[in-house]
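For reference, the sequence and a predicted model appear below.
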Amino acid sequence: MNAYGQRRPPVPPHPSKGQLTSSKSQELAQRYNREKKLILNHPLATKKMKRDQLRALNERYANEKRLLRSAR
């Protein structure tokens with residue numbers, strides 16, 4: 001009878017807090033750039049509409065960055 005047959009494999013290491021926040025901020029930056037590109041390349045939006053949408057996007061992005069920094 002094998003004593004090691006029922007042993008579970010070791011638990012994978014969890015990411016450190018720094019790694020977690022950096023990956024989250026990277027995801028946030030990618031999402032921001034994707035949304036900005038969509039807004040700027042929209043065929044029907046006027047310049048004023050794009051400006052307003054970008055202003056709202058920048059505000060939301062700044063708030064989320066602030067939340068990420070405060071979580072550290």
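That came through, no problem.

If you count neighbours, what's buried in stretch 17-34?
Tyr32 (16 or more other Cβ atoms under 10 Å). Where C-beta positions appear, they are placed from N, C-alpha and C, glycine not excepted.

Apologies, that question was intended for stretch 57-68.
Of the residues in stretch 57-68, Tyr61 count as buried by neighbour count, 16+ other Cβ under 10 Å.

Please apply the same query to stretch 38-50.
Here stretch 38-50 shows Ile39 as buried, counting by 16+ other Cβ under 10 Å.

for Gln30, what are its contacts?
Gln30 sits next to no residue when contact means Cβ atoms under 8 Å, 6 or more residues apart in numbering.

where's Pro9, which helix or strand?
Assigned by DSSP states H and E, Pro9 belongs to no helix or strand.

cool, Lys65 as well?
Per DSSP H and E, Lys65 falls inside helix 47-71.

Mind listing residues that contact that helix?
For helix 47-71, using Cβ under 8 Å, 6+ apart, the contacting residues are 21, 24-25, 28, 32, 35-36, 39-40, 42, 45.

which pair in those spans the largest distance?
Across those, no pair lies farther apart than Thr21 and Ala45, at 33.5 Å, counting by Cβ to Cβ.

got a list of what Tyr32 touches?
57, 61.

Check the gap between it and Pro12 for me.
According to Cβ to Cβ, to the nearest Å, Tyr32 stands 30 Å off from Pro12.

Ok, Leu57 next?
Applying Cβ to Cβ to Leu57 and Pro12 gives a distance of 36 Å.

Let's verify Ser25: helix, strand, or coil?
Here Ser25 is recorded as helix under DSSP: H, G, I helix; E, B strand; the rest coil.

confidence score at it?
Each residue has a pLDDT score; the one for Ser25 is 94.

what's the distance between it and Asn58?
16 Å.

Pull up the gap between the nearest residue to His42 once chain neighbours are set aside and Pro12, please.
In space, and not counting its chain neighbours, His42 is closest to Lys50: 7.0 Å by Cβ to Cβ, 6 or more residues apart in numbering. Separation of Lys50 from Pro12 (Cβ to Cβ) stands at 44 Å.
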